[in-house]
Every structure is written in structure tokens, then in C-alpha cells.
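**Q** kindly return the folded structure for what I paste below:
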Amino acid sequence: MTISENQLTEGWQEDLEALVDESEPSGPDNSRRSFIWLQAIAFLLGLALLIYVINRVGLQPIFDALIRIGLFGFIILLAISGSRHVFRTIAMSSAVPAEHRRFNFFQAFAARLGGEAISFLTFTGPLLGEATKVALLRRRVPLTYGVPALVVDNLLYNLSVVFFVLSGACVMLFTYSLPPLVYYSLLVIAAVAALGIAAAALAAKRRIMLLTWVIDQMARLRLSPKVILKRRQHIYHIESKVYDFYKHHPGVFFGMIACDLLAHALSVLEVYVTLHMLGFASNVAQSYIIESLTKVINFVFAFVPGTIGVYEGGTEVVLQTLGFAAATGVTLALVRKAGTIFWTSIGLLILTWRTLPNAWGRVLDRSPHLRRLMDSLVLSNIAHRPARTAVSILGTAVGVLLIVFTVGLAHGVLRERGRRESNIGAEIMVRSSGSLGLGGSSPFMIPVSRAAEIATIEGVRAATPIGQVLDRSDAGFGTRLIDGIEFDEYAKLTGLAIREGSKLTGGDQAIVDPVWQQQHDAKVGSTEQLFERPFTIVGVYEPPGGGRIKIPLTTMQDQEGGDGRASAILVACTDPAKQEEVAARIRQRFPDDQIIFTRDLPEFYAAGVPALNVFIKVVVGVAAAISMLVILLAMYTTVTERTRQIGILKALGMSKTGIAWVIEQEAILVSLLGVTVGVGLTLAARVAVMRMTSLTVEIEPRWIAIAFLVGIVGGSVGALYPALRAAGQDAVEALSYE
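**A** Here you go, the predicted structure:
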């Protein structure tokens, strides 16, 4: 039996429409609905896994790593991932015979991005994604040549992926000493990949029409659906074209393989560059292994939309096996996922530009439920009053921003100070009772001579006085912590060493840590304005700890009028494991002093200031009031403008509860949008503040949840009066309202 090109084109046109047109179910409605629900559950489970992984690793390490990459670094990574799409586009275009290739590179590139966007986001995955590529190019390539070309392109790419995975697994097996579970898992992966390559080679040698053979066997057993039997000849034709491709186009065949391998090499380069941007001295072998094993994750969990959660968790496991920190794996995955989302967004814009004018009308025509939803009072009011809706969303967003950003700034600055002070080699800090204030500067109340007395206590290795003062930040916004130290004693206790320049000797001198030096591009001998006068930078110290800038304690005492006194005494124990016993001895000797363990400083600073907790409660109250008032005004205006419409609804029999619920629905929807925008604004403000100043902002999931509740509850309460007013209107009076 032979089949003409026109018949093939018509048949494939039907197949394409069956794939793209989701309004025509290809099976029982219940089965299709169950499949969609299963995919939705997979997405939600993946999202839950992502939240769990990020919460376990912590937001702060991830944010710090992303800031280290920066905008310029992310642009470089986007260029690398974009180059990968370029080579895949060249391979896809080459598969189409030159005489039927009536498209340019940019049209093919757009088709690829559009198809990949569908593959990444939808539950149907590559099936609908490849059909989308055909649909975007069908006006320029006959389907009888376009479909086989895409099949050839995907087969060659998938074979290169299998080879890549096999080689990566082998490199890891022969390079690393692995736990038994990891070792045998890699053996299984390598064995499956090798069998796949062998099966492909055997099928090519014997010209096995696998899909056609399966259809024939199912037909013999009367198991094959009629829709598949009808397209049996089309599938046979595609398989024949695939096997003939190498015989007729050997040069193009090897050229496509080269493009696929180059695309894989760029993926390895992306991993290598990302790790180096994160500050890790990764080698090519590690990057190769990471990329090959993450391809296994993408393949196994392809049914999860966007491989959300599983990709991040899997990358974390892979990097931990290679000796990296968990946060590094999650950050690497998020950075690469961000690049994928960027190109996916470009693909969606292309699809929107090509299909939106007619698609929305078709969707509404074929979905009565969706049309009823769009005609509802809630969505129609939001759509027809965009300015007022935007103002309402922005008002709620400001409330969220107030809560999350203010708390993040307060806790971030204090926890950062606590982390740095806990990283100075001392286990105990002794202060005068009640000397810790909200401003961060500690008063000079404890005698310097107290350090010598504490040093004589059993279990104390060393003790040194320290002064701490907050000075105005050089960025003009915020403050910075300055330490006053007696250099020799402080260096003995903390292990501080001068890596460049000289130590402090007295006067208006300062030493800085490497991070501050790099941020300010400072050199030994340059000056810095401290306390509104110039200080000479005489050295760079390491390791970092405490304030980034340190000056002589005597100079700080003169500045603060604290002659012979200090802010605190740092105490290092002979045996850190016995610091509680040492602290008890110090407390017995000096019962009026405040004893603080440096390990507790991060949370102590964040939670131990009563005024801060009061301030946060005030901010939450203000944010709730803003959300409530904004929604109240918007919903009240809505009820007033739609008085006649409400009268019609009441005349048609709608209950008071139903009318009130419509108003509350609109308020809840606007509040949800406002919370989402508010979180986005908070993240943007965090990046801007941390790049422009020395302040630290910590975004805490707990406070995001609190802001969410405040926004929703505030919006719902704000809409309560307008909702009750709408429900209580008389139908006759409402209909006569002008």
C-alpha cells in the first residue's frame, strides 16, 4: 500500500490538530480528568519538595549566593544557555531538506523557544511541545517533511543524551570513592544507558520499524484503537524517513550530532562558570558529572511540570555526593532554573504574539464555564476598572512590604552583627548589666582592668576589652559597626593576623577585613571617614569577624569619653566544651555583670531588644490598617457604582449572602494579587538595599506567611461593610438608582 504526499499532509494535519486542540478529548473524559489531576498532584508535590529543600538549607545562604553572582554574572549565564538553544536550532533546521527549508534562523529559533516553553510548562511535556514547533513552522515547511525532521532531531539528541549520561556515570565511578548506594545506583544508570545505545544500534542495523510492529501486534490481538490503526501508514512513513536520513544526508547527520554535543558542552560550561561565580574551584570533570546526572533527573521526572522541586532536590544530592554544601546544590539548580524560565518566558511571548488574537476567542467560545466566569461580577469589575484595581493591589502590596521588609531589615542587621561577633574566637562576652541597646552601640561601662581579673579565673585562656560604636555608613544610608581593640591582646585571643600592611599602633588608624577592602576598592595607606574625620587604613586583617573596621581602643575611648572603660570583655576558654562552667565562675566572681555566650548572639540581638518587638507589632498593625482601608474604599466605590446591577441580581432572586460573597470574593482576589506583588517588591527592595548599602536584609518565610494572613484578613474585613451594604439594599430602590 502506498500513500501520496497530499494524503500524508492531510493525515498529519489531523494529527497536529488533535494534539494542539485540547477541546477534543482523545479518550474518555474521566480518564483525561484523572490524568490532569495526577499531573497537578505531581506539580504540588514537587512544589512542596522545593519549599522543604529551601527551608532546610535556609534562604539566607541562597540569597547570598545569588547576590554573589550578580546581574552581570546572570547575563553571562543567560548567554551560555541561549547559545545552547542556538546549536539545537541549527540541528533542528538541518534536519529539514534544504529545498523545503523556507524559513530563516530567527523563525526556527522562535519556533524552538515556543515549543520548549510548552514542553517545560504543560502536563503533556515534549509531545505537545514538538507539535507546537510543527504548528509554528507549518506555513514554511510541508508537514510531510517537517514531522520526520523533528523526529530525527529528537532521536539524535536523545541518543547523545544517553551517551552523555553513560560517560558521566563512568567518570564518577572511576574518579570518586562512593558509598555503596550511590555506587550501585550509578552502575544501574550506566547499564541502562549502555543497553539503550545497543538497542538503538541494533534497530538501525536491522531497520526495525518498532512503532509499526507494535501497532500490528496490537491489531492482531484486537487491542489497537481505530485512531492508531488509521495513522499506521503515517507512522510507517516517518520511521522509513528516519532510517533513510543517514543514507541520503550523511554530512548533515554528523553535523547534527556535532551541534548536539556542542549543546551538551555548553551545559557543562554553564555549570562550571556558575560554580566559579559562587566561589568554588570546580574542575571540568565535576561539572561534567553534575550535568550528566541532572539529565537523568530531568528524564526520570519529566512528568513533573518544570521538574519543580525534584530538579533542585536532585541537584543538591548530586553536589553533596561530590563534596559541596547543600546550599550550593540548591543555588546552582535555582540559577539554572532561572535561566530556563527566562527563555521559557521568551517562548511564551512568541506564542502569545502568534496565537493570542484568535486563541482567546476560541477558548471562550468552546468553554461556556470560562465565559460565565469572565462575565461574573467579580472578574468583570476587576477587568473594567484596571486603575482602581491596580491602586488596591498596590495598597495591599505596600502593607506586605512594610511587614516583611521592615522585619527583615531589623532582624538582618542585628543577626549579621551577632553572626560576626560569634565568629571571633571567643566563647563568652561580659558586659555591664543592661548595656545592650537598640541602637547597637554599647556604652563604655565596664572597666578595662576587668579583663586582667577575668583572665585569672580557672578555665579562661585569654580575655581582652573591646569597644563597639555605630558610625554613619559611608553609603549615606544606615550605619556600620566599628570595633575598638587593643591589637596584641585581641590578636592573641581571636587569631587575627595582618595579611597586608601593619598592625594598629595608635592614633587615627584603622584596619579592615578583605571583604570591606574589596567592596570599597581600598588600599593600604588610603583614608576613610570615620566619626566625621579621616582615618588612615594601615592594614588588612583576616579572618573576618566582628566589625569590618577596627581602630585602637584608646582612640575610641577618646571619641566616646570612656577613659579606662570598654563596651565588653571577650573571653576565650581553654576548653570551649566547658564554657558553661567558666561562665558560672565568672558570674560568681562578678554577679552584677551580664554574661552572654557568643553562640547565642545572632538570635539574642534579634529577639532580645524589647523595643524592637513593640516596633514590629506597630508595623504589622499599620500594614493591616492600610490593607483594610484600601480595600474598604475600593469595595465601597464598587458597590456604589454597581447599585443598579446589584438591584437586578436581587430582582432575579440572588440571596443577600450570595451578593455579599461576590463582594468578598473580589476583595480576597485583589488581596491575593496584592500579597504576591508585595513579596515581589520586597525581594527587589532587598536586592537594591544590599547592593547599595552595607545593610543586611533577611527574608523570613514565617513573616511572609504573617504578611499573607494580614493582607487577606485585612482585605476581607475591609470589604465586610461594603458587602453588607450591598446585601442590604432594597431591590426597587437599587433599580431606580441614577
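
**Q** any idea which strand is longest in this structure?
**A** strand 460-472 (DSSP state E).

**Q** the helix or strand just after that strand packs against which elements?
**A** Downstream of strand 460-472, the next assigned helix or strand under DSSP states H and E is strand 479-485. Using 3 or more Cβ pairs under 8 Å, 6 or more residues apart in numbering; DSSP states H and E, the elements in contact with strand 479-485 are strand 460-472, strand 549-552, helix 553-560. All C-beta atoms are positioned from the backbone trio N, CA, C, and that covers glycine.

**Q** mind listing what the nearest residue to residue 289 once chain neighbours are set aside touches?
**A** Of all residues not flanking residue 289 in the chain, residue 172 sits nearest, at 4.7 Å (Cβ to Cβ, 6 or more residues apart in numbering). Contacts for residue 172 (Cβ atoms under 8 Å, 6 or more residues apart in numbering) come out as 178, 186, 289, 293.

**Q** and residue 21, what's its pLDDT?
**A** If you check residue 21, the pLDDT there is 46.

**Q** hmm, back to that, show me what counts as buried in the longest strand of the chain.
**A** 460-471 (16 or more other Cβ atoms under 10 Å).

**Q** partner strands of that strand and their direction?
**A** Applying DSSP bridges, strand 460-472 is found paired with strand 479-485 (antiparallel), strand 568-573 (antiparallel).

**Q** after the helix or strand hosting residue 268, next one along is what?
**A** If you go by DSSP H and E, residue 268 is part of helix 250-277. The helix or strand immediately downstream of helix 250-277 is helix 284-300, counting by DSSP H and E.

**Q** what's that following helix packed up against?
**A** helix 143-175, helix 250-277, helix 310-321.

**Q** again, 10 Å this time
**A** Under the contact criterion of 3 or more Cβ pairs under 10 Å, 6 or more residues apart in numbering; DSSP states H and E, helix 284-300 touches helix 143-175, helix 180-206, helix 250-277, helix 310-321, helix 326-366.

**Q** TSV please, covering those and showing mean pLDDT.
**A** Shown next, in TSV, are the helices and strands packed on helix 284-300 (pLDDT from 0 to 100):
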stretch	mean pLDDT
helix 143-175	81
helix 180-206	80
helix 250-277	87
helix 310-321	80
helix 326-366	73
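
**Q** out of those, nearest to residue 529?
**A** For residue 529, the closest of the helices and strands packed on helix 284-300 is helix 250-277, at 32.2 Å, according to Cβ to Cβ.

**Q** give the buried residues for that closest one.
**A** Buried-residue list, helix 250-277, by 16+ other Cβ under 10 Å: 252-253, 256-257, 259-260, 262-264, 266-275, 277.

**Q** what's the answer for stretch 146-155, then?
**A** So stretch 146-155, judged by 16+ other Cβ under 10 Å, has buried residues 146-154.

**Q** check those residues against residue 82 and report the nearest one.
**A** Of all these, residue 153 has the smallest distance to residue 82: 18.6 Å, by Cβ to Cβ.

**Q** any idea how far that closest one lies from residue 430?
**A** 71 Å (Cβ to Cβ, to the nearest Å).

**Q** what of residue 111?
**A** 70 Å.

**Q** quick one, what contacts residue 572?
**A** By Cβ atoms under 10 Å, 6 or more residues apart in numbering, residue 572 lies in contact with 424-428, 455, 460-464, 492-495, 579, 582, 598.

**Q** for PyMOL, what selects the buried ones among those residues?
**A** The PyMOL command for the buried members of the contacts of residue 572 (criterion: 16+ other Cβ under 10 Å) is given here:
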select buried, resi 424+425+426+427+428+455+460+461+462+463+464+493+494+579+582+598
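
**Q** could you point out where the stretch 601-738 of the chain is predicted with low confidence?
**A** Confidence mapping of the stretch 601-738 of the chain against pLDDT under 70 gives the ranges 601-616, 627, 634-653, 692-695, 726-727, 729-738.

**Q** all helices for it, in order.
**A** With DSSP state H, counting those that start in this stretch as the criterion, the stretch 601-738 of the chain has helices at 601-607, 610-641, 643-651, 656-692, 701-718, 720-727, 731-735.

**Q** could you chop this structure up by domain?
**A** Using automatic domain parsing, the domains assigned to the chain come out as 33-140+254-355, 369-411+612-735, 434-591.

**Q** now stretch 541-556: buried residues?
**A** 541, 544-556.

**Q** any idea of the mean pLDDT in it?
**A** 85.

**Q** quick one: end-to-end distance for that stretch.
**A** Stretch 541-556 has its terminal residues 19 Å apart, counting by Cα to Cα, to the nearest Å.

**Q** ok now that stretch, how far from the chain's centre?
**A** The chain centre lies 36 Å from the centre of stretch 541-556; the measure is Cα atoms, centre = their mean, to the nearest Å.

**Q** which element, helix or strand, includes the closest residue to residue 93 other than its chain neighbours?
**A** Among residues not flanking residue 93 along the chain, residue 108 sits closest, at 4.7 Å (Cβ to Cβ, 6+ apart). Under the criterion of DSSP H and E, residue 108 resides in helix 105-121.

**Q** beyond that helix, next helix or strand please.
**A** Following helix 105-121 toward the C-terminus (DSSP H and E): helix 126-137.

**Q** contacting residues around residue 629?
**A** Residue 629 makes contact with 395, 399, 714, 718 under the criterion Cβ under 10 Å, 6+ apart.

**Q** same check on residue 306?
**A** 43, 46-47, 50, 119-122, 337, 340-341, 344.

**Q** distance to residue 68 added to these, as CSV?
**A** What follows is the contacts of residue 306, written out as CSV (distance: Cβ to Cβ, whole Å):
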residue, distance to residue 68
43, 30
46, 27
47, 26
50, 21
119, 31
120, 27
121, 29
122, 34
337, 17
340, 20
341, 20
344, 25
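
**Q** redo those as CSV? Include neighbour count.
**A** Listed next are these as CSV, based on neighbours: other Cβ atoms under 10 Å:
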residue, neighbour count
43, 17
46, 22
47, 15
50, 21
119, 22
120, 20
121, 16
122, 17
337, 19
340, 16
341, 14
344, 20
